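Visitor: Sharing a model prediction with you, sequence too.
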Amino acid sequence: MTGAAAEPPFLRLAGHPLRWRLMSELVRSDRRVGELCDLAGERQNLVSYHLRQLRDGGLVRARRSIADRRDTYYAIDLQRCARLLSDVGSALHPAFASRDGELAAQRPPTRRRPGVSIRLLFICTGNSARSQMAEALAVQLSGGTVEAASAGTSPKRLHPEAVRVMGRRGMDIAGRRAKHLSELDGQRFDRVITLCDRARENCPEFPEAIHWSTPDPAAEPDLEAFERVAAEIETRIAYLLETVDHDLEETANAG
């Protein structure tokens with residue numbers, strides 16, 4: 001009789017209550033240590049210890065804040081978590097290695113209920129690259145079933161490399177212009193997402209905004225830097241759309 005398979009490392013990492021709580025918070029938004037301490041109601045040394053465990057396991061990454069280099073933002077690696085969760089199912093029974101382990105970014109757009117309009121707002125500092133790419137990607141990945149807008153706290157000219165990267169994905173954004181956040185005053189959005197640390201810290205009017213601490217591709221004069229950032233934003237938007245769909249379904253069922 002064969003022995004039981006070894007417990008997958010992901011279970012040991014994610015199964016700890018505090019680490020699971022931290023991961024659950026990071027799924028919603030990138031956070032600093034102090035914010036995670038407040039949300040979890042735990043001491044900083046304890047939270048930092050468990051963040052280190054998650055980082056060493058490859059589930060969480062850290063990036064220095066562009067706004068304040070003394071701060072660090074923590075983000076969860078959604079794609080790695082999806083792969084490891086699928087591996088956990090496979091380790092228990094081969095039949096569990098199914099479509100459920102497929103990455104959200106590889107799924108076709110979800111068909112939303114007729115008449116339901118979801119509006120997303122993406123904010124960065126210059127509205128010249130990251131938020132413009134996010135706006136275009138949100139529309140494409142949703143199959144045009146969501147409305148998306150973007151703006152900046154200090155608009156700059158649309159970056160030509162952002163135009164090129166989107167062109168590679170079949171999206172022409174060359175005719176767009178950078179907009180100041182004030183141009184969208186009074187408009188309603190279901191989700192607001194900041195993609196820049198400076199923008200996050202300069203947008204007190206959106207205290208509940210989701211934050212994605214995304215590198216500034218313009219800091220590296222290289223098309224591949226824009227490609228890497230676009231790929232990261234694309235993955236995050238795919239998962240965000242799954243979350244929006246889930247919330248809509250829960251709201252409809254509750255009604």
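Guide: That came through fine.

Visitor: For the rest of this, base every contact and every neighbour count on C-alpha atoms.
Guide: Fine.

Visitor: So which bits of the lowest-mean-pLDDT helix or strand in the chain are buried?
Guide: Counting by mean pLDDT, DSSP states H and E, the chain has its least confident helix or strand at helix 223-254, which shows a mean of 84. Going by neighbour count (16 or more other C-alpha atoms under 10 Å), the buried part of helix 223-254 is 225-227, 229-230, 233-242, 245, 248.

Visitor: now swap in stretch 44-54 and tell me
Guide: 47, 50, 51, 53, 54.

Visitor: what does the average pLDDT come to for that stretch?
Guide: Mean pLDDT, computed over stretch 44-54, is 97.

Visitor: And the contacts of it?
Guide: If you take C-alpha atoms under 8 Å, 6 or more residues apart in numbering as the criterion, stretch 44-54 is touched by 13, 18, 19, 22, 33, 34, 36, 37, 60.

Visitor: Quick check: chain neighbours aside, which residue is closest to residue 137?
Guide: Distances taken as C-alpha to C-alpha, 6 or more residues apart in numbering place residue 234 nearest to residue 137, at 6.4 Å, with adjacent residues excluded.

Visitor: Surely that neighbour touches residue 134?
Guide: Yes: here residue 234 reaches residue 134: they are 7.3 Å apart, a contact under C-alpha atoms under 8 Å.

Visitor: how many neighbours does residue 180 have?
Guide: As a burial measure, residue 180 scores 19 neighbours (other C-alpha atoms under 10 Å).

Visitor: okay, it: pLDDT?
Guide: Note for residue 180: predicted pLDDT of 95.

Visitor: Assess the claim that it and residue 157 are in contact.
Guide: No: the criterion here is C-alpha under 8 Å, and residue 180 misses it with residue 157 at 11.6 Å.

Visitor: residue ranges for the helices of the stretch 101-250 of the chain, please.
Guide: With DSSP state H, counting those that start in this stretch as the criterion, the stretch 101-250 of the chain has helices at 130-141, 160-168, 197-201, 223-254.

Visitor: How confident was the prediction at residue 95?
Guide: Taking residue 95 on its own, its pLDDT is 62.

Visitor: Same question for residue 81.
Guide: Residue 81 is given a pLDDT of 92.

Visitor: ok, and the closest non-adjacent residue to it?
Guide: Of all residues not flanking residue 81 in the chain, residue 59 sits nearest, at 6.4 Å (C-alpha to C-alpha, 6+ apart).

Visitor: How many residues are close by that neighbour?
Guide: Neighbour number of residue 59 under other C-alpha under 10 Å is 21.

Visitor: Out of the contacts of stretch 44-54, grab the one that's most surrounded.
Guide: So for those (other C-alpha under 10 Å), the most neighbours sit at residue 22, 24 neighbours.

Visitor: quick check: angle from the helix or strand hosting it to helix 223-254?
Guide: Using DSSP states H and E, residue 22 falls within helix 17-28. Interaxial angle of helix 17-28 relative to helix 223-254 (axes from the mean of the first three to the mean of the last three C-alpha atoms, to 10 degrees): 100 degrees.

Visitor: and the buried residues of stretch 44-54 as TSV, adding distance to residue 79 and secondary structure?
Guide: Below are the buried residues of stretch 44-54 laid out as TSV (distance: C-alpha to C-alpha, whole Å; DSSP: H, G, I helix; E, B strand; the rest coil):
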residue	distance to residue 79	secondary structure
47	23	helix
50	20	helix
51	18	helix
53	18	helix
54	15	helix
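
Visitor: before we move on, back to that, how far does the helix holding residue 22 sit from the chain's center?
Guide: Offset of helix 17-28 from its chain centre (C-alpha atoms, centre = their mean, to the nearest Å): 14 Å.

Visitor: picking that back up, could you check the angle helix 160-168 makes with the least confident helix or strand of the chain?
Guide: Using the same axes, to 10 degrees: helix 223-254 against helix 160-168 is 60 degrees.
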